[in-house]
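*Asks:* Here is my input; please provide its structure:
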Amino acid sequence: MRISITSWVQEELRRWIDDGAICVDATVGKGGDTIYLCEAAGAKGKVVGFDIQEEALKTAKNRLEEKKLKAELHLAGHECMDEYLEEDTVSVIMFNLGYLPGGNHKIATKSATTLQAIEKGLLLLKHGGILSLCIYSGGDSGFEERNQVLEFLKGLDDKKYLVIQQKFFNKVEHAPLPVFILKL
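*Replies:* Next comes the predicted model:
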């Protein structure tokens with residue numbers, strides 16, 4: 001049995017998504033997390049997704065249509081999510097940092113916009129809501145984004161947020177890093 005970081009994170013988030021929840025896929029990519037969020041939130045739920053690559057959104061839209069699922073997809077950076085959602089309303093926000101698998105490695109998330117998006121996401125989360133980050137580093141991605149994001153998270157007020165970083169203990173040094181931020 002093989003478990004990917006995305007399936008691990010999805011399993012961790014399952015308990016936070018009620019039927020009718022508002023959820024955000026901050027980095028839609030090919031739509032795997034978008035589909036997961038739509039299924040978990042149910043027909044009464046709302047899923048809003050963001051990506052800067054038109055081709056990725058087309059792929060995600062086609063995959064959603066095949067499964068007869070609906071999501072509100074935006075050709076926009078994740079740092080714009082506050083333009084589409086209200087504060088204190090979102091149950092779950094998912095991020096996969098890095099580049100689109102199989103896509104152009106030069107088009108990747110960057111620390112400046114990712115940090116803006118995390119700050120805005122924390123405002124959008126309702127109390128008891130959770131934000132997940134799958135941080136890919138090494139190789140083409142480098143370490144700048146990972147290091148800056150982790151440094152930012154260390155500074156979050158522990159009376160307002162619980163930050164949990166998990167690590168694949170027996171994987172290569174630069175294995176993806178799952179991080180969860182619970183709004184208290």
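*Asks:* and the longest strand along the chain, which residues are buried?
*Replies:* For the chain, the strand that runs over the most residues, judged by DSSP state E, is strand 125-135. The neighbour-count check on strand 125-135 (16 or more other Cβ atoms under 10 Å) flags Leu125, Gly129, Ile130, Leu131, Ser132, Leu133, Cys134, Ile135 as buried. For every residue, glycine as well, the C-beta is placed using N, CA and C.
*Asks:* what's the answer for stretch 76-88, then?
*Replies:* Judged by neighbour count (16+ other Cβ under 10 Å), stretch 76-88 contains these buried residues: Gly77, His78, Glu79, Met81, Leu85.
*Asks:* if you look at the residues you listed, which of them are in helices?
*Replies:* In helices, defined here by DSSP state H, there are no members of those.
*Asks:* sorry, back to before: and the next helix-or-strand element following the longest strand of the chain, what does it pack against?
*Replies:* The element immediately downstream of strand 125-135 (helix or strand, assigned by DSSP states H and E) is helix 144-154. Contacts defined by 3 or more Cβ pairs under 8 Å, 6 or more residues apart in numbering; DSSP states H and E place helix 144-154 against helix 111-124, strand 125-135, strand 161-165, strand 177-183.
*Asks:* Need the mean per-residue confidence for the shortest one.
*Replies:* This means strand 161-165. Taken as a whole, strand 161-165 has a mean pLDDT of 97.
*Asks:* So what's the gap between that strand and the chain middle?
*Replies:* The chain centroid and the centroid of strand 161-165 are separated by 15 Å under Cα atoms, centre = their mean, to the nearest Å.
*Asks:* Could you pull out the buried residues of that strand?
*Replies:* Buried, per 16+ other Cβ under 10 Å, within strand 161-165: Val163.
*Asks:* coming back round to it: mind putting the helices and strands packed on helix 144-154 into CSV with distance to Lys154?
*Replies:* Output for those, formatted as CSV (distance: least, Cβ to Cβ, whole Å):
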stretch, distance to Lys154
helix 111-124, 13
strand 125-135, 14
strand 161-165, 8
strand 177-183, 11
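*Asks:* wait, which of these is closest to Gly31?
*Replies:* strand 125-135 (15.0 Å; Cβ to Cβ).
*Asks:* Show me what that closest one is packed up against.
*Replies:* Checking 3+ Cβ pairs under 8 Å, 6+ apart, strand 125-135 ends up next to helix 5-13, strand 90-96, helix 111-124, helix 144-154, strand 177-183.
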